[in-house]
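# Show me the folded form of this:
(chains A and B)
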Amino acid sequence: MQTDLTKNVSMDENRRAWVFPLVFIIVIVAAFVIFNAVAGGKFLTLLNIKNIISHAVYPIFIAWGFCFLFACGYTDMSIGGVIVLGSFAACALGNQIGVGGVVIGGMLVGFVLMFVNFLIFTYTKIPSWIAGISLALIYEAIAFALKTGKNTSSVVTSALNSDYRILGQLPWSLVILAVGLVLVYLLYNRTNIGYNIRSIGGNKKVSQAMGIDVNKTLLAVGVICGLLIGLACVMQESYAGQTSVKTGLTSINMIFQPLAIYLLAEILQKHINIIIGVPICSVILYSVFNMLTIMKVPSGTLQEAFLGAFIIIFALIGQHSVKGVVK
Amino acid sequence: MSENILEIRGLNKYFGPTHANVDVDFTLKRGEVHGLIGENGSGKSTLLSQIAGLYGSDSGEMKVNGQPYKPHSPLDAYDHKIAMVMQELGVVGSLPAGINVFLGRMNRFSKAGILNKKALYKEVADILEKWDLSAPPLNRNTDGMSIESRKMIELARALSVDPEILLLDEVTQSLSLNNRERLYKLIEKFKSMGRSIIVITHDIEEMIEITDNVTVLRDGAVVGTVISSETTPDEIRNMMVGREVEGGYYRDDYAPDFSDKVELEVRNLTVAGEIENVSFDVHEGEILGFCGLSDSGIHTVGQAVYGLTDKKLTSGTVHLMHNDTYVNNATTALRNNVGYVPKDRDNEALMIAANIRDNFGLPSVHVIRNKGTGFIHPGKVKKLSNDMVDKLSVKTTGIYQTMDSLSGGNKQKVNLGRWLAKDIKLLILDCPTRGVDVGVKAYIYSIMKEAKKDNIAMILISDELTEVLGMSDRIIVMKDGKVSGEMDRSEDLTEQKVIGVMI
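Here you go, the predicted structure:
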């Protein structure tokens, strides 16, 4: 009898689970069509759609990294610094040995630095947001030293040869995204490590009691985030061709848009799996930026203010049925 | 095969300077249900945690089936077919109920690293069916589930190991009557299969009823072991506290005794999907008891009266007569002399990471703050907290000790006592003695008796029928969200009569 109850409710939920995503996508597409009509057909052109998608790909990998990071209850403010250094490495090695160099340079530096971050978070017990800020300062300083160094300046400041930037262009960026989506979805939702990560973020004591090795799991998060952020370095350098050096914690700016994507996906996660929600939200976010540009809203501060307002409106709609206190 | 499945000799455990378990000797026979009882802090849960591999031991030895047994982790204990349902550990709220059952042991449901959730959920459903346990939908996250549903998931987790030894730490007190019956049947079935159980419960009558032997612990040491069928609650109580305990727990009068003046008037209180058209009055100095099976809605009544239920789903009126106020949210209730002690004290009542001072001070800030400036004088909060710690005999190192380091009984003293620091007219008590020992239990009842003398109206919601019968002037029985009966206090009122209305 109890099993039937379990099945019945689950089936009802499964049926209902399709309604929201479907309605949501219809509403978004309708909004795009209406805006396109208002903008005199400038928005839904093939070139513009390509432009939006190309732009939306690289932050998706960072936002997926956030999914794992926040799921285990940690924050890392140094990711922007890691991306700067990873992109430098991708550029330097890429210009020496080609596309393979871009991949090796970006992935290696991204992976190693993120793993080092998690070694520090796990074993020093320093709160991750404090350690993260300190590491961001260090990474920014290294990047600045490389930029101004006598022997390194020309290597890191020169642009990546356009022949080696194919991974940031369509259709390759979409292929990488599609493969990434499948792998990250499975990793987060259908593997032991995915559940273990979410478990230690949910209740560390229960996780320990259930035999989950918390330190090992945290290091696994370091590995996963390292791979995702490494890939983000590759995609960023391949798309933009050059990365500017930021100091004074301004590298944190680099993670604001991925963070906004993550937040939007988190708001939707009751209805759309967060891993699938991330690319959807990235496309929506860059579409909004694109619309603002078409509407001739100056880029920079004003567009960011629109972004902030957009997130709040989105959150209001997404959270309207949530009861109780939300922290 | 040895008659004893578990043998413990000279087991010791220290937590810093605290000697939690002192040279404990303990034997569990095959097919035996063995009770462990003692006051809060007597070392019962520590002992079970040592057996379950949660804590190591500083000295002494354990043997399972005659072989040395030294578990390094709960998984190690699982490998030896030993599983535990813990008192306050809980589940991971952000994960589905089904996943919680096999958390940390999901490898066998994985192929090429990919988890087969269908197979996992099916196995959980089979376990629940095998042991006739109720459970919520397995694919739903456990946050937002009732404490009872979460306990069922924990029980399923322990049973998923197919244990030879099952350790149950304060499980029954989280369960309503029907689920308790299910658990009792499970215990019987377990025993008939030649398997063994160690049970911790503070309900002495229940312990005598369901166990074969009872071992009493005091200050971490074994005081003695008695045969359940040959002992009495009084003998166990005396062994627990080390002296003769005089007087009963409950009220010794057998007639309703309260003022004619109505303090609370509830009319047609409805919370969609939970309770429907519940109406009642509570008089000054009256204890109105609520009981019912799980899903009867008794706990929702307490939340709705205090204004905690969703406004969109709630209708009807909650009228406080002393100042002619209608309660529609918790702030109104709090400011109009209403106190509420929820069932789930760690998650719904106390600020568990904050200290005792802040927990005592919180419900009274609007009373003790300076009316002119609005500032709260730290000295006043400190004095209030110190006074209440002394009055309630809270065992603590001081008011700056954090709540999470207190025992269940002392947490409950703070939970209840912080309302008594105020001038309250109505007190809603939802399972006030859940997870507390006989000493604290008796103390809570004595506080209720004093409050009754002070003309405070009380609503007592409880899963323990003896408690409701023992303390209430009137009893409202609920079934499927509706009032199914009302009975006055009398000498003739028995558990059987109440159960008859319940089912």
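# where are the low-confidence patches of the chain?
With no chain named, the answer covers chain A. Chain A contains residues with pLDDT under 70 at A:1-17, A:156, A:246, A:318-327.
# not quite, I wanted chain B
Those would be B:1, B:17, B:88-89, B:243-248, if you go by pLDDT under 70 across chain B.
# where does it come near chain A, residue by residue?
B:54, B:73-75, B:78, B:86, B:89-95, B:99, B:103-107, B:110, B:113-115, B:117, B:121, B:125-126, B:128-129, B:132-140, B:157, B:310 (C-beta under 8 Å from any C-beta of the partner chain). Where C-beta positions appear, they are placed from N, C-alpha and C, glycine not excepted.
# These, buried ones only, as a ChimeraX selection?
Filtering those down to the buried ones (16 or more other C-beta atoms under 10 Å in any protein chain shown) takes a single ChimeraX command:
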select /B:54,73,74,75,78,86,89,90,91,92,93,95,99,103,104,105,106,115,117,121,125,128,133,134,135,136,137,138,139,140,157
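# Out of the residues of chain B next to chain A, name the ones that lie in strands.
Among these, the members falling in strands (DSSP state E) are B:110, B:114-115.
# Can you add distance to B:N328 and give these back as CSV?
Formatted as CSV, those follow (distance: C-beta to C-beta, whole Å):
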residue, distance to B:N328
B:S110, 50
B:I114, 50
B:L115, 46
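# Now do the same contact list for the residue nearest the centre of chain A.
Closest to where the C-alpha atoms of chain A average out (C-alpha atoms, centre = their mean) is A:A63, at 1.8 Å. The contact partners of A:A63, by C-beta atoms under 8 Å, 6 or more residues apart in numbering or on different chains, come to A:258-259, A:261-262, A:265, A:278, A:281-282.
# Nearest to A:V112 among these?
For those, the residue nearest A:V112 by C-beta to C-beta is A:P258; the value is 20.4 Å.
# Kindly provide the distance from B:F258 to B:C291.
19 Å (C-beta to C-beta, to the nearest Å).
# Of these two, give the one with the bigger neighbour count.
B:C291 (28 against 20; other C-beta atoms under 10 Å in any protein chain shown).
# wait, is that one part of a strand?
Yes. According to DSSP: H, G, I helix; E, B strand; the rest coil, B:C291 belongs to a strand.
# and it, what does it touch?
B:177, B:298, B:461-463, B:465, B:468, B:475-478, B:498, B:502.
# same deal with A:E266?
A:70, A:274, A:277.
# near chain B, which of these show up?
Of those, not one also sits near chain B (C-beta under 8 Å from any C-beta).
# of those residues, closest to B:N455?
A:F70 (51.6 Å).
# element containing the closest one?
helix A:46-71 (DSSP states H and E).
# ditto for B:I428
Assigned by DSSP H and E, B:I428 falls in strand B:426-430.
# What of A:G106?
helix A:99-124.
# Any buried residues in that helix, and which?
Buried-residue list, helix A:99-124, by 16+ other C-beta under 10 Å: A:99, A:101-115, A:117-118, A:120-122.
# Which ones, among those residues, also lie beside chain B?
Counting by C-beta under 8 Å from any C-beta, no member of the buried residues of helix A:99-124 is near chain B.
# all helices in chain A, in order from the N-terminus.
For chain A, helices defined by DSSP state H occupy the ranges A:2-17, A:19-38, A:46-71, A:79-97, A:99-124, A:128-148, A:153-157, A:172-189, A:192-202, A:204-209, A:214-240, A:256-268, A:274-294, A:301-318.
# and the closest residue in space to A:T75 that isn't next to it in sequence, how many neighbours does it have?
Excluding its sequence neighbours, the residue lying closest to A:T75 (C-beta to C-beta, 6 or more residues apart in numbering or on different chains) is A:W129, at 4.7 Å. By the criterion of other C-beta under 10 Å, A:W129 has 13 neighbours.
# Isn't A:W129 up against A:M77?
Yes. Counting by C-beta atoms under 8 Å, A:W129 does reach A:M77; the two are 6.2 Å apart.
# Not counting its own residues, what contacts the strand or helix carrying B:I476?
Per DSSP H and E: B:I476 is located in strand B:474-479. With C-beta under 8 Å, 6+ apart as the test, strand B:474-479 has contacts from B:256, B:275, B:278, B:280, B:286, B:288-293, B:296-298, B:301, B:468-469, B:483-489, B:493, B:498, B:501-503.
# Of those residues, just the buried ones, PyMOL syntax please.
The buried subset of those, as determined by 16+ other C-beta under 10 Å, is captured in PyMOL by this line:
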select buried, chain B and resi 275+278+280+286+288+289+290+291+292+293+296+297+298+301+468+469+483+485+487+489+493+498+501+502
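# Which of the contacts of strand B:474-479 fall in strands?
Counting by DSSP E, the contacts of strand B:474-479 place B:275, B:278, B:280, B:288-292, B:483-488 in strands.
# and A:A209, how far is that from B:L103?
Separation of A:A209 from B:L103 (C-beta to C-beta) stands at 9 Å.
# Correction: the previous question concerned B:D454.
With distances taken as C-beta to C-beta, B:D454 is found 48 Å from B:L103.
# which one is B:D132 nearest to, not counting chain neighbours?
The shortest distance from B:D132 to any non-neighbouring residue, by C-beta to C-beta, 6+ apart, is to B:R182 (5.8 Å).
# so that neighbour touches B:L133, yeah?
Yes. With contacts counted by C-beta under 8 Å, B:R182 reaches B:L133, the gap being 6.1 Å.
# Spit out the contact partners of the residue nearest to A:G65 when sequence neighbours are not counted.
Spatial nearest neighbour of A:G65, chain neighbours left out: A:L228 (4.1 Å); criterion: C-beta to C-beta, 6+ apart. A:L228 makes contact with A:61-62, A:64-65, A:68, A:184, according to C-beta under 8 Å, 6+ apart.
# What distance do you get for A:L249 to chain B?
To chain B, A:L249 is 30 Å away according to C-beta to the nearest C-beta, to the nearest Å.
# got a list of what that residue touches?
Going by C-beta under 8 Å, 6+ apart, the list of residues near A:L249 reads A:77, A:133, A:136-137, A:140.
# can you do 7 Å?
Applying C-beta atoms under 7 Å, 6 or more residues apart in numbering or on different chains to A:L249 gives the contacts A:136-137.
# returning to that earlier point: direction included, what does the strand holding B:I476 pair against?
Using DSSP bridges, the strands paired with strand B:474-479 are strand B:287-292 (parallel), strand B:482-488 (antiparallel).
# picking that back up, check which helices and strands the helix holding A:G106 sits against.
helix A:79-97, helix A:128-148, helix A:214-240 (3 or more C-beta pairs under 7 Å, 6 or more residues apart in numbering or on different chains; DSSP states H and E).
# Would you point out which residue of the stretch 151-300 of chain B is nearest chain A?
Chain A sits closest to B:R157 of the stretch 151-300 of chain B, with a gap of 8.0 Å, by C-beta to the nearest C-beta.
# Just the residues contacting stretch A:29-49, thanks.
With contact meaning C-beta under 7 Å, 6+ apart, stretch A:29-49 is reached by A:287, A:290-291, A:294.
# Looking at these, which is nearest B:K29?
Ranked by distance to B:K29 (C-beta to C-beta), the contacts of stretch A:29-49 are led by A:S287 at 70.3 Å.
# how many other residues sit next to the closest residue to the closest one other than its chain neighbours?
Distances taken as C-beta to C-beta, 6+ apart place A:I52 nearest to A:S287, at 5.5 Å, with adjacent residues excluded. For A:I52, the neighbour count with other C-beta under 10 Å is 20.
# I'd say A:I52 and A:F289 touch.
No. Using C-beta atoms under 7 Å, A:I52 makes no contact with A:F289, being 8.4 Å away.
# Any chance you could list what contacts stretch B:337-352?
Residues from elsewhere that reach stretch B:337-352 (C-beta under 7 Å, 6+ apart): B:88, B:147, B:299, B:302, B:306, B:320, B:327, B:358-359, B:403-404, B:411-412, B:414-416, B:419, B:423-432, B:434.
# Now the buried members of those.
B:147, B:299, B:302, B:306, B:320, B:327, B:358-359, B:403, B:411-412, B:414-416, B:419, B:424-432, B:434.
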